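Q: Fold the following, please.
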Amino acid sequence: EMADYTYGQAYAAYIGESAFVIPWQNYRDMITKVEVGSGITRIGNFNFAFLNNLKEVKIANTVKELGEDAFAYCGNLEKISLPDSVKKLDFQAFCNCPNLKEVNLNKVEYICEQNFWGCPKLTRITIPETVKIIETGDTFGPVCDIKFKSSKAPEFTPCPTLIQLKKHNPYSNVSYAKKV
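A: The predicted structure follows:
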């Protein structure tokens with residue numbers, strides 16, 4: 001399991017006010033590829049946030065969860081394909097990745113809120129049949145077309161395994177998610 005960091009620690013490292021908070025933050029502008037090795041079971045909170053030039057991510061099939069903001073604010077990240085082992089995307093795992101265009105969720109079961117908020121180029125996402133819970137507090141941000149892998153699509157719960165939609169933010173608007 002990788003260490004958790006806070007937004008404050010990650011942001012302070014990003015703007016240069018705190019050195020060595022996250023070990024690789026001093027190299028954030030040079031990092032274009034991240035490989036999470038075998039044996040790691042969880043990518044911690046903010047581990048790879050603010051890596052502006054990150055373009056490629058490879059995650060070992062031992063990883064089961066992505067922590068809060070794990071890859072948030074990665075300005076050049078264009079696509080992500082999660083291994084079948086990843087079951088949970090924690091809060092804002094990929095938020096504010098403005099160039100993110102392609103996401104393969106494979107066998108994810110739990111999608112926390114705001115995962116794809118601030119990803120304007122992500123215009124379509126396929127929800128796998130394995131999904132059991134989707135937190136609806138602006139989970140998909142401005143995604144214009146959400147497709148469920150299941151052939152039946154009654155309203156917003158077409159996945160046969162979907163147990164519940166959790167609404168955490170009473171002020172969020174999920175009307176953009178009605179197009180299935």
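
Q: Hmm, Thr32 is touching Phe48, no?
A: No. Between Thr32 and Phe48 there is no contact under C-beta atoms under 8 Å: 11.9 Å. Every C-beta, even on glycine, is put in place using the N, C-alpha and C of the backbone.

Q: hey, what's in contact with both of those two?
A: Leu54 (C-beta atoms under 8 Å, 6 or more residues apart in numbering).

Q: more neighbours, these two?
A: Shown here are Thr32 and Phe48; by other C-beta atoms under 10 Å, Phe48 has more neighbours (28 against 12).

Q: Next up, the contacts around that one.
A: Contacts of Phe48 by C-beta under 8 Å, 6+ apart are Val34, Leu54, Val57, Ala70, Phe71, Cys74.

Q: Check the last one and give its pLDDT.
A: Per-residue pLDDT puts Cys74 at 95.

Q: List the residues that contact it.
A: By C-beta under 8 Å, 6+ apart, the contact list for Cys74 reads Phe48, Ala49, Phe50, Leu51, Asn52, Leu54, Phe94, Cys97, Leu100.

Q: Now pLDDT, secondary structure and distance to Glu135 too, for those residues, in a markdown table please.
A: Shown next, in a markdown table, are those (pLDDT from 0 to 100; DSSP: H, G, I helix; E, B strand; the rest coil; distance: C-beta to C-beta, whole Å):
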| residue | pLDDT | secondary structure | distance to Glu135 |
| --- | --- | --- | --- |
| Phe48 | 92 | coil | 22 |
| Ala49 | 90 | coil | 20 |
| Phe50 | 89 | coil | 23 |
| Leu51 | 91 | coil | 25 |
| Asn52 | 90 | coil | 27 |
| Leu54 | 96 | coil | 25 |
| Phe94 | 93 | coil | 14 |
| Cys97 | 94 | coil | 18 |
| Leu100 | 93 | coil | 19 |
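
Q: Taking the residues you listed, please make a PyMOL selection of just the buried ones.
A: A single PyMOL command selects the buried members of the contacts of Cys74 (16 or more other C-beta atoms under 10 Å):
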select buried, resi 48+49+50+51+54+94+97+100
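
Q: With distance to Asn115 as added columns, please give the contacts of Cys74 in CSV.
A: Shown next, in CSV, are the contacts of Cys74 (distance: C-beta to C-beta, whole Å):
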residue, distance to Asn115
Phe48, 15
Ala49, 13
Phe50, 17
Leu51, 17
Asn52, 20
Leu54, 17
Phe94, 6
Cys97, 10
Leu100, 10
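
Q: Pick the one among the contacts of Cys74 closest to Ile134.
A: Distance to Ile134 across the contacts of Cys74 (C-beta to C-beta) is lowest for Phe94, with 14.6 Å.
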